[in-house]
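Student: coords please:
(chains A and B)
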2 protein chains.
Amino acid sequence: MTAPSRWNTAILVFDGVEVLDFAGPYEVFSRVRTVPGMESRRTDDSAPFRVFTVAREARTIRATGGLQITPDFGFADAPSVDLVVVPGGFGTRAVVEDAETLEWVRRVASTASLTTSVCTGAAVLARAGLLAGKRATTHFGSYDWLASLDASITVVRGVRFVDDGVVTSAGVAAGIDMAFEIVARRCGAEVAAETARYIEYPWPRA
Amino acid sequence: MTAPSRWNTAILVFDGVEVLDFAGPYEVFSRVRTVPGMESRRTDDSAPFRVFTVAREARTIRATGGLQITPDFGFADAPSVDLVVVPGGFGTRAVVEDAETLEWVRRVASTASLTTSVCTGAAVLARAGLLAGKRATTHFGSYDWLASLDASITVVRGVRFVDDGVVTSAGVAAGIDMAFEIVARRCGAEVAAETARYIEYPWPRA
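Tutor: Residues are numbered from 1 along each chain as shown, chains lettered A, B, ... in the order given. You can find the predicted model right below:
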């Protein structure tokens, strides 16, 4: 399979973002290579995704548990985005009230090839109006919250992820499965499975 | 079960550390609560692990893929450590030659209750002399490298982790399974399973 053009992959980070919500997709997308093996991972030559973090401002944020992340870009200077990942975490309670972040998400989603969320990142997409009339999922503890944000959303329970144009995943670790699914669609199941073997993650699930 | 005393949990970070190697155990240990549910995660009141990152110097490092992490402490000012996690990644090739880091790992391991590694972090433990005469595992691509660092190590292949006093795990995602195993031993299987449900990670494996 010919390597697809590289996708600029923006992962939103903010104070109170759940660590594995962003780090799972970050790991998967940043380690994919269309050339298999260990050595190909030492360069970006066959990398189909260029992954970077974006925050409202380019200052260090604290994820859940206190992990300090310095974003690569602020909204003002972020490159164009092909794939956007909106993670969740307790911090989303503030993000859904932040007009600037919602505006950025809307703007990026309007031109990106694919918009995705992990966990309660779905609430951010909902508040940005991006899940109107769609099926979507989120962390099992936030099904009702998601439904309350936009009555036109059909909240799907008990699944790892939902693709209704916008791809939403269940809680935390489910973002890893969603990322592999996106890799499989874009690069083929063989490339996704080889990357899963590389990071010793059991995918596809039995 | 009575909550155990809180364990100071140091996760080593360095340039070229693999993202999920450190972020997986970070997520698990930092989200454990002996009180179940969503709300207990909003505070550290029932947290059995206090998780922080440590690097040689307290300057921002770049993990694989470029993720920028600002460590909480440098070696000089890190608190006492009960549990140490040494992750892997391409950066370990430099770390195993870094006398200062090897000395810190040795020093911390000599007083910690438990010393662990993820992926090629085992190579760092080996070079620090901590795996002498022990069974250990690492990323499947580095079995031979680990064996070459200390001929007295019995390299165990095809397992998620090995406990021979020092706990070593297989590649990348296997660090998550290792973390849950440690939580189960310290806090009971019920606390570990409830945390796994919270982060929607399938543990224990079928």
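Student: And residue A:10, how far from residue A:90?
Tutor: Using Cβ to Cβ, to the nearest Å, residue A:10 is found at 21 Å from residue A:90. Just so you know, the C-beta spots here come from the backbone N, C-alpha and C atoms, and that holds for glycine as well.
Student: which ones are touching the most centrally placed residue in chain A?
Tutor: Residue closest to the average C-alpha location in chain A (Cα atoms, centre = their mean): residue A:85, at 2.6 Å. Counting by Cβ atoms under 8 Å, 6 or more residues apart in numbering or on different chains, residue A:85 makes contact with A:9-12, A:22, A:25, A:116-118, A:121, A:175.
Student: which of those are close to chain B?
Tutor: By Cβ under 8 Å from any Cβ of the partner chain, no member of these lies near chain B.
Student: Reformat the residues you listed as TSV; add pLDDT.
Tutor: Shown next, in TSV, are the contacts of residue A:85 (pLDDT from 0 to 100):
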residue	pLDDT
A:9	98
A:10	98
A:11	98
A:12	98
A:22	98
A:25	98
A:116	98
A:117	98
A:118	98
A:121	98
A:175	98
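Student: Just those residues: which are in helices?
Tutor: Among the contacts of residue A:85, the members falling in helices (DSSP state H) are A:22, A:25, A:121, A:175.
Student: What is the most widely separated pair among these?
Tutor: A:25 and A:121 (10.2 Å; Cβ to Cβ).
Student: tell me, what's touching the two both at once?
Tutor: By Cβ under 8 Å, 6+ apart, the residues touching both residue A:25 and residue A:121 are A:85, A:87.
Student: Same list (the ones in helices among the contacts of residue A:85) but as a markdown table, adding distance to residue A:188.
Tutor: Listed next are the ones in helices among the contacts of residue A:85 as a markdown table, based on distance: Cβ to Cβ, whole Å:
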| residue | distance to residue A:188 |
| --- | --- |
| A:22 | 25 |
| A:25 | 19 |
| A:121 | 26 |
| A:175 | 21 |
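Student: Which of the residues you listed ranks first by neighbour count?
Tutor: residue A:175 (32 neighbours; other Cβ atoms under 10 Å in any protein chain shown).
Student: And stretch A:37-57, what's buried?
Tutor: Buried residues in stretch A:37-57, counted by 16 or more other Cβ atoms under 10 Å in any protein chain shown: A:40-41, A:46-56.
Student: Out of these, the closest to chain B would be?
Tutor: Using Cβ to the nearest Cβ, residue A:51 is the member of the buried residues of stretch A:37-57 that lies nearest chain B, at 5.4 Å.
Student: The closest one in helix, strand or coil?
Tutor: strand (DSSP: H, G, I helix; E, B strand; the rest coil).
Student: What ranges does chain A have for its helices?
Tutor: A:19-31, A:92-95, A:99-111, A:121-127, A:143-149, A:174-187, A:189-198.
Student: Pull up the gap between the residue of chain A positioned farthest from its centre and residue A:46, please.
Tutor: Distance from the C-alpha centroid of chain A peaks at residue A:39, with 26.2 Å (Cα atoms, centre = their mean). For residue A:39, the distance to residue A:46 equals 10 Å [Cβ to Cβ].
Student: How about residue A:194?
Tutor: Counting by Cβ to Cβ, the gap from residue A:194 to residue A:46 is 11 Å.
Student: low-scoring stretches of chain A, by residue?
Tutor: A:1-4, A:206 (pLDDT under 70).
Student: who's more crowded, residue A:10 and residue A:90?
Tutor: For residue A:10 and residue A:90, the more surrounded residue by other Cβ under 10 Å is residue A:10, and the numbers stand at 26 against 15.
Student: so that one makes contact with residue A:80?
Tutor: No. Counting by Cβ atoms under 8 Å, residue A:80 is not a contact partner of residue A:10; they are 9.1 Å apart.
Student: Show me the beta-bridge partners of residue A:8.
Tutor: residue A:50 (DSSP bridges).
Student: Quick one: neighbours of it, just the number.
Tutor: Residue A:8 - counted by other Cβ under 10 Å - has 17 other residues nearby.
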